[in-house]
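**Student:** Build me a model from this:
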Amino acid sequence: MNTLYCTFIAAAVVLSSPICSAETADGPAAGAAAASAPMLRRTIQHDGVEREYFVHLPDQNTGPRARLPVVVGIHGYTSTATGFQLAHDLNRHADKHGYIIVYPQGSHFRAADAQGKPVLITTWNDLTANQPQPTAGPHCTDASAHYPCPPECGECGRCAWQSCYDDVGFITKVLDQVQVEFRVDERRVYLLGVSSGATMALRLGCSLSDRFAAIAPIIGQPLPGHACSPFVDTPMLHLFGAKDEVIRYDGKAGQADGFIYTSAADTAAAWAAGLACQAGPDRWQSAISERAGFECTAYSHCRVEGQEVVSCMDPDGGHVWPEQTSGLPDATCVTSEQYESLPDQHRCPAPTGEARHLGMDLIWAFFSRYRRSIAITPKTAAAGPATN
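**Tutor:** As a prediction, the model looks like this:
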């Protein structure tokens, strides 16, 4: 399989062009991604700004009274909500397994790249990058990349680059409004995020742990000193690559941009401690992880029977969602549902490469084991005007 992944490397105060690397792995073709029904666009006023999210309803007959599980997918830095969906072929997976999937859009602005061309910057505020922990040491090196400062922040410190908007509050409103508008099984709401979306997922998993039955951060860990655990016990599956040089799994500075993150092992240990897990990390395997070639461990015998904290490493993986792609290497594009809100962003082409789904298959199998024991009553009003 040929998988392309891009990481934005900054020089001085401007963002450079994406640098793309190729990985190869043997395996049968799974076919290109199929087209799915248009997503629903919804808007929310939050922090004085109009924010948007997209909803895909599964294309299957679940019955008029059926309450469906929900997966919330958080895109990474510079990606778009619709490009994230298409690059990972998530709607088709939702159709197959009968769940609603929701894609919030991170706040965004434009900055000049090394050639002076405007580039879309999308980002999340996970309450870490702009708030370093002095006792944990720096989270970027002296030679690290300098990412553009979001305008709402005013000024950014040396290692700061995240949004300064209230994204925990924004996602809370998204969850409430999805629950009001659609027939949702509130006990089966799940969360995943990729790259900086994974660090946001970890923040949400800690700050809003009463809202999710399980979470899955993918190729992302928190910055030093920010490893956390949920206030309501919530299982976690963490996916990462052994050859990732953007967010390294071992806690060392990445060669791609010089930033430092908590190790995957320490991230899992902190989460497991919060769940009062008594065993592990021990070897863990499933039919899907074995087929994908992942090396997995798990903490088990936690306070809530059956809960686990699982970590799976792709030994050949870089900064890319392991074994999950539509064949489209670019998640920074927009599909037709997002043309109006991001009119200057380049359009997504049709995926033409190999499609792989083992990454989401593994996550969904993990998610499906869990449900929240108590439903949450939404506190916010209905969403803004609908756009199909």
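
**Student:** what are the ranges of the helices in the stretch 251-388 of the chain?
**Tutor:** In the stretch 251-388 of the chain, the helices defined using DSSP state H, counting those that start in this stretch lie at 264-274, 287-292, 358-367.

**Student:** now those helices in JSON lines, with mean neighbour count, mean pLDDT and distance to Ala66?
**Tutor:** Using the backbone N, CA and C atoms, a C-beta is placed for each residue, glycine as well. Converted to JSON lines, these look like this (neighbours: other Cβ atoms under 10 Å; pLDDT from 0 to 100; distance: least, Cβ to Cβ, whole Å):
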{"stretch": "helix 264-274", "mean neighbour count": "21", "mean pLDDT": "98", "distance to Ala66": "32"}
{"stretch": "helix 287-292", "mean neighbour count": "16", "mean pLDDT": "98", "distance to Ala66": "26"}
{"stretch": "helix 358-367", "mean neighbour count": "23", "mean pLDDT": "98", "distance to Ala66": "18"}
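
**Student:** could I get these as TSV with distance to Lys173?
**Tutor:** Output for these, formatted as TSV (distance: least, Cβ to Cβ, whole Å):
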stretch	distance to Lys173
helix 264-274	26
helix 287-292	34
helix 358-367	23
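
**Student:** nearest to Arg41, of those?
**Tutor:** helix 358-367 (22.7 Å; Cβ to Cβ).

**Student:** least trustworthy helix or strand in this protein by mean pLDDT?
**Tutor:** Taking mean pLDDT, DSSP states H and E as the measure, the helix or strand of the chain with the lowest value is strand 14-24, at a mean of 33.

**Student:** Dump the following helix or strand past it to CSV, restricted to CA.
**Tutor:** The helix or strand immediately downstream of strand 14-24 is strand 40-46, counting by DSSP states H and E. Output for strand 40-46, consisting of C-alpha atoms alone and laid out as CSV, is shown next (Å, rounded to 0.1, in the frame of the first residue of the first chain):
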residue,chain,number,x,y,z
LEU,A,40,-25.8,18.0,6.7
ARG,A,41,-24.2,21.3,7.6
ARG,A,42,-25.1,22.9,10.9
THR,A,43,-23.9,26.2,12.5
ILE,A,44,-23.5,27.4,16.1
GLN,A,45,-22.7,30.8,17.5
HIS,A,46,-20.1,30.4,20.1
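
**Student:** Could I get the full set of helices for the stretch 1-150 of the chain?
**Tutor:** For the stretch 1-150 of the chain, helices defined by DSSP H, counting those that start in this stretch occupy the ranges 81-88, 90-97.
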